[in-house]
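> My questions are about this predicted structure, shown below with the sequence.
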Amino acid sequence: MALEIDLSGKAVLVTGGTKGVGRGIAQRFADAGASVVVCARREPETPLPEGWAFVPADLRDGEAAWAAVDAAQAVHGRLDCVVNNAGGSPPADSAEASPRFSERIVALNLMAPLYVAQRAHHHMKDQPGGGSIVNVGSIVAQRPSPTAAAYGAAKAGLKQLTQTLAMEWAPVVRVNSITCGYILTEQAELFYGEGERRAEVEALIPIRRLALPTEIGDVAVWLASDLASYVTGADVAAHGGGDRPPVIEDS
């Protein structure tokens, strides 16, 4: 019998799921048959697919995050997977970034995933089959990242948080993370440029292109499925081989 991933009857919450990487992740869960709930601070800019539910929340507020998870669980009466995707940061001079800016970046990229995971665990721990939490990390957590100090530190913390929660909540709730590299989203040109500039960025990636949001979704779907039933506390690299140091030239 061929292996397949069928999440029919399962419900997933994808934070930051109305656009970009989150939208691609949510789409792949829907493709696998899951019932999808997405969460974001603002109403979707484009209509969501039929059957998807939307929960508004600023996840940096712990009480709002808990309420959002409760609302997502209430939509289908269960919550089998949460993907902590909401995050990001504009570039900022590390010497000049205001305390308020840094606090908000850490809140979004580290504290919000913790709040969401806590409340997800509340619903999953007594649920038949338990649940799965997937945290979306970044390659910046693994190397120096000028102009992204708070973001990189928060993502490094998210990786450690993943490992700690996985150990603490096993065997009922599995917790894993994905280390993402450069991804082709609606705002890719703001980070990677266009034309020749983007080609230069892609040349530094061993696989020679930016990832598609749905490719990150494929990894998340696998981590949420029974095919990954023995996987917890893991960090899966989905970065095309990493970013190649420019000092290293092709032979």
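Nice, thanks for sending it over. Numbers count the residues shown, from 1 in each chain.

> Point out where the stretch 151-251 of the chain drops to low pLDDT.
Applying pLDDT under 70 to the stretch 151-251 of the chain flags the ranges 190-191, 245-251.

> Just the strands from it, written as ranges.
173-180, 235-238 (DSSP state E, counting those that start in this stretch).

> Relative to residue 8, which of these is closest?
Ranking the strands of the stretch 151-251 of the chain by proximity to residue 8 (CB to CB) places strand 173-180 first, at 19.4 Å. For the C-beta atoms, the positions are set from N, CA and C on the backbone; glycine is no exception.

> Could you list every helix and strand in contact with that closest one?
helix 112-124, strand 131-138, helix 149-169, helix 213-224, strand 235-238 (3 or more CB pairs under 8 Å, 6 or more residues apart in numbering; DSSP states H and E).

> Quick one: distance of that strand to the chain centre.
Centroid separation for strand 173-180 versus its chain: 9 Å, with CA atoms, centre = their mean, to the nearest Å.

> now the angle from it to helix 149-169?
Angle, strand 173-180 to helix 149-169, by axes from the mean of the first three to the mean of the last three CA atoms, to 10 degrees: 150 degrees.

> residues in contact with strand 173-180?
Applying CB atoms under 8 Å, 6 or more residues apart in numbering, the contact partners of strand 173-180 are 21, 117, 120-121, 124-125, 130-139, 141-142, 158-159, 162, 165-166, 169, 211, 216, 219-220, 223, 228-229, 231-239.

> Only the buried members of these: can you turn that into a ChimeraX selection?
Buried members of the contacts of strand 173-180, defined by 16 or more other CB atoms under 10 Å, are picked up in ChimeraX with:
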select :21,117,120,121,124,130,131,132,133,134,135,136,137,138,139,141,142,158,159,162,165,166,169,211,216,219,220,223,228,232,233,234,235,236,237,238,239
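
> circling back: with distance to residue 96 added, can I get the helices and strands packed on strand 173-180 in CSV?
Output for the helices and strands packed on strand 173-180, formatted as CSV (distance: least, CB to CB, whole Å):
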stretch, distance to residue 96
helix 112-124, 25
strand 131-138, 22
helix 149-169, 11
helix 213-224, 32
strand 235-238, 32
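
> closest one to residue 106 among these?
Smallest distance to residue 106 across those (CB to CB): 4.7 Å, for helix 149-169.

> Tabulate the CA atom coordinates of that closest one in PDB.
The C-alpha trace of helix 149-169 is given here as PDB (Å, rounded to 0.1, in the frame of the first residue of the first chain):
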ATOM      1  CA  ALA A 149      19.200  40.900  16.400                       C
ATOM      2  CA  ALA A 150      16.000  40.700  18.400                       C
ATOM      3  CA  TYR A 151      14.400  38.500  15.700                       C
ATOM      4  CA  GLY A 152      17.300  36.100  15.500                       C
ATOM      5  CA  ALA A 153      17.500  35.800  19.300                       C
ATOM      6  CA  ALA A 154      13.800  35.200  19.600                       C
ATOM      7  CA  LYS A 155      13.900  32.400  16.900                       C
ATOM      8  CA  ALA A 156      16.900  30.800  18.700                       C
ATOM      9  CA  GLY A 157      14.800  30.900  21.900                       C
ATOM     10  CA  LEU A 158      11.900  29.300  19.900                       C
ATOM     11  CA  LYS A 159      14.100  26.400  19.000                       C
ATOM     12  CA  GLN A 160      15.000  25.800  22.700                       C
ATOM     13  CA  LEU A 161      11.300  26.200  23.700                       C
ATOM     14  CA  THR A 162      10.400  23.600  21.200                       C
ATOM     15  CA  GLN A 163      12.800  21.000  22.700                       C
ATOM     16  CA  THR A 164      11.700  21.800  26.300                       C
ATOM     17  CA  LEU A 165       7.900  21.600  25.600                       C
ATOM     18  CA  ALA A 166       8.400  18.400  23.600                       C
ATOM     19  CA  MET A 167      10.200  16.800  26.600                       C
ATOM     20  CA  GLU A 168       7.700  18.100  29.100                       C
ATOM     21  CA  TRP A 169       4.500  17.300  27.100                       C
END
